[in-house]
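1. whatever this is, show me its structure:
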Amino acid sequence: MYTGLLYLHSILRWVILLLAIIAIYKSYTGMTAGKPFTAGDKRTGLFLMIAAHTTFLIGLYQWIVGPWGLKNIENMGMGAVMKDSVARFYGVEHLTGMIIAIVLITIGRGVSKKNIPDGVKHKKTFWFFLVALIIILASIPWPFRVGIARPWL
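-> The predicted model follows:
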């Protein structure tokens, strides 16, 4: 079950990245062209938020049950985990970065529902989603990252 959820967690990463890029693009074009904030813009943010929260729940389960999260901290101790770059990444950095990114995505989605001018909505959602995407990109264990690498899928 753990391995299957790990694959699902990895596949949902691509869904989140794609939806984040689409949401950022829509917000940017709406901001620069002065377009109204449409239902499609709201739906993209909603699907991004749903995918991010679903991935977070799967990842939280993996962090609690799997070998790299809570069990590793219990076995090694927090001091030893913080000294080991791989254990620190999976036990602390990945989780913290993704929580921050998901909070930003959720706030950006909330902004899209507010009764404010469309230009302000586009600008705020653009920045929330962009910062979230940057944090996500920094927190993913890409295959080229030495020591913490995971496969593309």
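2. quick check: longest helix in the chain by residues?
-> Of all the elements of type helix in the chain, the one with the most residues (DSSP state H) is helix 2-33.
3. quick one: mean pLDDT for it?
-> Per-residue pLDDT over helix 2-33 has a mean of 94.
4. now do stretch 144-151
-> Per-residue pLDDT values across stretch 144-151 average out to 86.
5. now do stretch 125-135
-> Taken as a whole, stretch 125-135 has a mean pLDDT of 97.
6. who's in contact with that stretch?
-> The list of residues contacting stretch 125-135 from outside it, by Cβ atoms under 8 Å, 6 or more residues apart in numbering, reads 17, 20-21, 23-24, 27-28, 31, 41, 45, 48, 97-98, 100-102, 104-105, 107-109, 111-112. Any C-beta I mention is one placed from the backbone N, CA and C, and that applies to glycine too.
7. repeat that for stretch 68-83.
-> Gln62, Trp63, Ile64, Val65, Asp84, Ala87, Arg88, Tyr90, Gly91, Val92, Leu95.
8. check stretch 30-38 too.
-> Residues outside stretch 30-38 that contact it (Cβ under 8 Å, 6+ apart) are Thr29, Asp41, Ser112, Asp118, Gly119, Lys121, His122, Lys123, Phe126.
9. okay then, goodbye and thanks.
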